[in-house]
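**Q** A structural model of the following input is requested.
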Amino acid sequence: MSAAELSSVRPDASAIRTATGAVRRVQRYLASHHDDRDVRLVVEDDPDDTLVVPRGALELLARILTHMAAGQAVSVVPTHAELTTQQAADLLNVSRPYLIGLLDDGKIEYRKVGKHRRVRADSLLDYLRKDDQERREVADELTALNREMGLY
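**A** Numbers count the residues shown, from 1 in each chain. As a prediction, the model looks like this:
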C-alpha cells in the first residue's frame with residue numbers, strides 16, 4: 001500500500017466546525033430513514049447537481065465526520081490492503097517492535113514478501129475487535145467482583 005493511500009486528513013478549525021454541523025444532519029437523516037435505498041445528496045448552491053451514493057457510504061461518512069468534528073485525523077483503508085509493519089503499528093498506535101511481537105505470537109496474521117512482513121488491514125481489524133471484546137469482558141468481570149465485594 002502506498003503512502004498516498006494511507007495519507008490522512010487532519011481537520012483544521014474550519015473543517016471541525018463544518019464537520020460538527022454536517023454530522024448532526026447526516027445522523028438525523030440516517031435515524032429517520034431506515035431503508036437501504038441509495039441516498040441522493042444535493043449540492044446546496046445547485047439543486048440540479050445531485051450525487052447518488054449507497055446508504056453504507058453515508059453511514060461511513062457519518063463516522064468520518066464524527067472523528068473530524070472531534071479534531072481527529074481520518075484515514076480510509078480498504079480491508080484488502082496490505083500494510084507495512086510501520087503502517088500497521090501506526091494504525092494501532094503502538095511501536096513497531098510491539099507490533100512485531102504480536103505478529104510473532106500469532107495474534108495478527110501476516111505474510112512474508114521476501115524478508116518483509118505484510119499485514120492485511122482486515123487481519124488488523126480482526127485483532128482490534130478481539131482485543132476490544134477481551135477488554136470489555138475483563139471490565140465486566142471487574143465490575144462483577146466489585147459488586148460482590150460491596151465496593152460498587
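**Q** switch to C-alpha atoms for all contacts and neighbour counts from now on
**A** OK.
**Q** per-domain residue ranges of this protein.
**A** Annotated domains of the chain cover 13-69, 82-148 [automatic domain parsing].
**Q** and the longest strand anywhere in the chain, C-alpha only, in CSV?
**A** Longest strand in the chain by number of residues (criterion: DSSP state E): strand 46-53. In CSV, the C-alpha atoms belonging to strand 46-53 read as follows (Å, rounded to 0.1, in the frame of the first residue of the first chain):
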residue,chain,number,x,y,z
ASP,A,46,-27.0,23.9,-7.3
PRO,A,47,-30.1,21.8,-6.6
ASP,A,48,-29.8,20.3,-10.1
ASP,A,49,-26.5,18.8,-9.2
THR,A,50,-27.1,15.7,-7.2
LEU,A,51,-25.0,12.8,-6.2
VAL,A,52,-26.4,9.3,-5.6
VAL,A,53,-24.5,7.2,-3.0
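**Q** Tell me which residues of it come out buried.
**A** Within strand 46-53, no residue qualifies as buried by neighbour count (16 or more other C-alpha atoms under 10 Å).
**Q** which other helices and strands contact the next helix or strand after that strand?
**A** Per DSSP states H and E, the first helix or strand lying C-terminal to strand 46-53 is helix 55-69. Here helix 55-69 touches helix 13-32, going by 3 or more C-alpha pairs under 8 Å, 6 or more residues apart in numbering; DSSP states H and E.
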